[in-house]
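Undergrad: could you look at this predicted model? Sequence included:
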Amino acid sequence: MPTVRVKAPAKINLSLDILGKRHDGYHFMKMVMQTVELSDTLIVTEEKAPGIRVTCSDSRVPCDGRNLAFRAAEAFLKAEGLAGKGVSVHIQKRIPMEAGMAGGSADAAGTLVGLNRLFGRGRTPEQLCETGLSLGADVPFCLLGGTQLSEGIGEIFTPLPSLPDCRILVAKPEIGIKTRDSFAKFDAIVPSRVPDTDAMVAAVASGNLSAVAGEMVNVFEEVTDLPEVFMLKEAMRSYGALGSLMTGTGTAVFGLFDDLRLARRCARALYGKAGAVFLTRPDPLGARVEG
Ligand code: ATP
């Protein structure tokens with residue numbers, strides 16, 4: 001049966017601010033986001049039997065209607081008038097869960113891209129964003145990828161120049177946090193430190209990695225307030241990261257390194273101290289068909 005292989009990159013937030021809350025509960029965000037090479041691989045196949053089937057290499061991931069890839073397939077087939085078709089999506093999971101790296105959203109974006117190719121629909125990533133946003137606020141970014149300023153509820157984008165090539169060390173504490181819980185906690189506090197997003201955009205435009213590192217602030221760090229996060233941030237700084245930050249709603253922490261040897265040394269030091277450690281780098285693209 002016709003099949004495509006899709007690369008679905010994870011994201012990190014170089015900065016994250018929340019500007020307010022909409023009447024329906026959605027939050028207005030202002031964030032600078034970056035896709036990274038750490039990614040899930042999706043095998044998307046047209047099947048003879050009608051219906052949607054999702055499988056995943058990680059048994060902790062639900063494969064029914066709770067899976068964002070499942071919901072993305074459902075939404076795509078409906079939007080394209082293909083509701084009677086049969087498709088399967090196999091997810092090779094690498095992106096850590098409850099990490100703030102948009103693992104589920106990346107799979108949703110990858111499914112949309114895969115089905116678009118499989119059924120020869122020729123939709124652009126921008127066109128897929130409309131369906132993507134109905135699935136989750138991070139799905140449009142996972143479709144577009146690269147370095148972007150994201151505003152609104154995750155649907156307004158300004159593309160930024162690529163981050164200079166660097167090493168990004170990601171360490172995910174054993175403890176995770178559900179996105180929903182982080183937002184609920186945020187609503188109860190007034191953050192004492194917020195990012196200067198204009199300064200971050202200027203730093204990215206300058207191509208100076210140290211300047212980018214100097215502007216990294218995430219309002220959710222104060223909300224989650226986890227000792228594990230602060231320990232990992234501090235460890236990365238002490239091993240030579242230009243800057244370190246929790247990504248998204250957490251709990252993964254990343255460090256920006258301009259020196260591969262220092263990044264590797266830090267990675268070795270953190271194995272055993274974090275649930276998972278990945279050494280990755282910026283990826284200039286969003287979810288795409290491989291090969
Ligand atoms: P985000 O940055 O979007 O907040 P996250 O790291 O907090 O991402 P995800 O890994 O996207 O969280 O997903 C967390 C929860 O979503 C999991 O507990 C899981 O049950 C559910 N989920 C649904 N679809 C997927 C998927 N394709 N991959 C991983 N988790 C999924």
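TA: That came through, no problem.
Undergrad: strands along the stretch 1-150 of the chain, start to end?
TA: Using DSSP state E, counting those that start in this stretch, the strands found in the stretch 1-150 of the chain span residues 3-21, 27-47, 51-56, 86-92, 147-152.
Undergrad: nearest to the ligand, of these?
TA: Smallest distance to the ligand across those (C-beta to the nearest ligand atom): 5.8 Å, for strand 86-92. Every C-beta, even on glycine, is put in place using the N, C-alpha and C of the backbone.
Undergrad: helices and strands around that closest one, which ones?
TA: Counting contacts by 3 or more C-beta pairs under 8 Å, 6 or more residues apart in numbering; DSSP states H and E, strand 86-92 packs against strand 27-47, strand 51-56, helix 68-79, helix 103-118.
Undergrad: turn those into CSV, columns for distance to residue 256.
TA: Converted to CSV, the helices and strands packed on strand 86-92 look like this (distance: least, C-beta to C-beta, whole Å):
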stretch, distance to residue 256
strand 27-47, 10
strand 51-56, 30
helix 68-79, 28
helix 103-118, 21
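Undergrad: does residue 193 touch residue 218 like I think?
TA: No. Counting by C-beta atoms under 8 Å, residue 218 is not a contact partner of residue 193; they are 9.4 Å apart.
Undergrad: and the two? Which one has more around it.
TA: Taking neighbours as other C-beta atoms under 10 Å, residue 193 and residue 218 compare with residue 218 leading, 28 against 9.
Undergrad: from residue 17, how far out is the more buried one?
TA: 8 Å (C-beta to C-beta, to the nearest Å).
Undergrad: and if you look at residue 274?
TA: 26 Å.
Undergrad: near the ligand, which residues of the stretch 51-200 of the chain?
TA: 61-62, 66-69, 91, 97-105, 107, 138, 179 (C-beta under 6 Å from any ligand atom).
Undergrad: of the residues you listed, buried ones?
TA: Burial by neighbour count, 16 or more other C-beta atoms under 10 Å: within those this picks out 61, 67-69, 91, 97-105, 107, 138, 179.
Undergrad: contact partners for residue 216?
TA: Contacts of residue 216 were listed using C-beta atoms under 8 Å, 6 or more residues apart in numbering, and they are 14, 15, 195, 200, 243, 244, 245, 256.
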